[in-house]
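Asker: model this:
(one chain, ligands or ions: 1)
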Amino acid sequence: MKTQAFPYKEIAPNTYEIGEFDCASMFLLVGDEKAMLIDTGMGIGDLKGFIGKLTDKPLLVCYTHNHIDHVGGAGAFENAYIHPNDMALFSEGGGIGLSVEKRRFDIGFHAERTKSVYPYNLDEDLSEWGPCPPLSPLADEQVIDLGGRKVTAYHCPGHTPGCMAFLDAATRVLFLGDALNCNLLLGGGAPGTPRFVSIERALATLKRIQSLGERYDHYYNGHYDYRALGEPLGADVLPDAITVCEQIVAGTAQVEYKPPALPFLPTRPSATVGRTRITFNPDGVHEPQP
Ligand SMILES: [Zn+2]
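Answerer: Residues are numbered from 1 along each chain as shown. Just a heads-up that it's a prediction; the model follows:
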């Protein structure tokens, strides 16, 4: 039997952060009629069975973006809501690949980083990615009604072109995926490709998240490596990320060439303010001129 021993915390009433063994975070929001699952991790163990112990409501599976550590478990679920910009490479983990070998490599990287022992056996708990569930589009400002609880989706291009954030009015929590964190990777796609997002565009996204500030008290990103499971991401991260992007756009950032945060990524310039580091493509700072 695949493991269901996921660590989790109830962060607000009927609202759970579920940890995928230091690889990623998933969030479960339970309304009166439906439940919403935000992201499905790498696909370790039996997430669906675990969720069945928390709620029996019909599940809407919504994705913050199409990367391997957020859509790796998608094959176990019947539906998938995602922004159209991130649909194209959904079944390929954003182009990185979703093979057992690729996911095993990434999971091993995280386990090595934390030096922890986890209650999984990857020979059993990691299987071939199932058939891709039907993809349904998420639009900017789309309201997802869970029954007595409404969640608004916001398009947040930056980390990927189809990044989405989800604002839960009931708990005043904003769920950000990888749209913001202490080690923010921007500009992954080369200019002229469909994956391209300029730093100027990403900066506009961060300012929009800031402009929504009256509607949320806390934000959570899609990993718990710069915060504890169940604890929100620090309020310093958003203004510092904005400052870094403004400096990159202005050409005044203190640029470093440090080893990449993940071993399979190319070495790219980064700049840091406080504890927030942004890695970017120097050829993709400005919006292309028409
Ligand atoms: Zn990502």
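Asker: only C-alpha atoms from now on, for both contacts and neighbour counts.
Answerer: Will do.
Asker: which stretches of the stretch 151-290 of the chain have low pLDDT?
Answerer: 261-264 (pLDDT under 70).
Asker: OK, contacts around Leu184?
Answerer: By C-alpha atoms under 8 Å, 6 or more residues apart in numbering, Leu184 lies in contact with His159, Asp178, Thr276, Arg277, Ile278, Thr279.
Asker: same deal with Asn85?
Answerer: By C-alpha under 8 Å, 6+ apart, the neighbours of Asn85 are Pro161, Gly162.
Asker: and if you look at Val285?
Answerer: Val285 neighbours (C-alpha under 8 Å, 6+ apart): Gly187, Ser198, Ile199, Glu200, Ile248, Val249.
Asker: 6 Å instead, please
Answerer: Val285 makes contacts with Ser198, Ile199, as judged by C-alpha atoms under 6 Å, 6 or more residues apart in numbering.
Asker: ok, back up a step: which of the contacts of Leu184 sit farthest apart?
Answerer: Pairwise distances across the contacts of Leu184 (C-alpha to C-alpha) peak at 14.4 Å, for the pair His159 and Thr276.
Asker: so between those two, which is more surrounded?
Answerer: Neighbour comparison, His159 and Thr276: the larger count goes to His159, with 26 against 21 (by other C-alpha atoms under 10 Å).
Asker: the residue nearest in space to the middle of the chain: which element?
Answerer: The centroid of the chain falls nearest to Gly177 when counting by C-alpha atoms, centre = their mean (2.6 Å). Counting by DSSP states H and E, no helix or strand carries Gly177.
Asker: was I right to think it contacts His223?
Answerer: No - with contact defined as C-alpha atoms under 6 Å, Gly177 does not count as touching His223 (7.6 Å).
Asker: so what's the residue nearest to the centre of the chain closest to, chain neighbours aside?
Answerer: Nearest non-adjacent residue to Gly177, counting by C-alpha to C-alpha, 6 or more residues apart in numbering: Gly222, 4.1 Å away.
Asker: same check on Tyr226?
Answerer: Leaving aside its sequence neighbours, Tyr226 sits nearest to Cys182 (C-alpha to C-alpha, 6+ apart; 6.7 Å).
Asker: phi first, then psi, for the one you found.
Answerer: Dihedral pair for Cys182: phi -80, psi -10, per degrees, to the nearest 10.
Asker: okay, Ser136 and Ile144: tell me how far apart.
Answerer: Using C-alpha to C-alpha, to the nearest Å, we find Ser136 at a distance of 13 Å from Ile144.
Asker: what does Tyr154 show for phi and psi?
Answerer: The phi/psi pair for Tyr154 (degrees, to the nearest 10) is phi -130, psi 130.
Asker: so who does it touch?
Answerer: Neighbouring residues of Tyr154 by C-alpha under 6 Å, 6+ apart: Asp140, Glu141, Met164, Ala165.
Asker: who does it form a beta bridge with?
Answerer: Residues in a beta bridge with Tyr154, per DSSP bridges, are Ala165.
Asker: that older thread, I figured the residue nearest to Tyr226 hits Ile278, correct?
Answerer: No - Cys182 is beyond contact range of Ile278, at 7.9 Å (criterion: C-alpha under 6 Å).
Asker: what's the helix or strand for the closest residue to Val117 other than its chain neighbours?
Answerer: Distances taken as C-alpha to C-alpha, 6+ apart put Ala111 closest to Val117, at 7.5 Å, once the chain neighbours are dropped. Assigned by DSSP H and E, Ala111 belongs to helix 100-114.
Asker: would you mind extracting the C-alpha trace of that helix into CSV?
Answerer: C-alpha atoms of helix 100-114 as CSV (Å, rounded to 0.1, in the frame of the first residue of the first chain):
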residue,chain,number,x,y,z
VAL,A,100,9.7,8.2,-12.5
GLU,A,101,13.4,8.7,-13.0
LYS,A,102,13.1,12.5,-13.1
ARG,A,103,10.9,12.7,-10.1
ARG,A,104,13.0,10.3,-8.1
PHE,A,105,16.0,12.5,-8.8
ASP,A,106,14.3,15.6,-7.6
ILE,A,107,12.9,13.8,-4.5
GLY,A,108,16.4,12.5,-3.7
PHE,A,109,17.8,16.0,-4.0
HIS,A,110,15.3,17.3,-1.4
ALA,A,111,15.9,14.3,0.9
GLU,A,112,19.7,14.8,0.7
ARG,A,113,19.3,18.6,1.4
THR,A,114,17.3,18.0,4.6
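Asker: list the residues that contact the residue lying closest to Met42 once chain neighbours are set aside.
Answerer: In space, and not counting its chain neighbours, Met42 is closest to Gly72: 4.0 Å by C-alpha to C-alpha, 6+ apart. By C-alpha under 6 Å, 6+ apart, Gly72 lies in contact with Gly41, Met42, Gly43.
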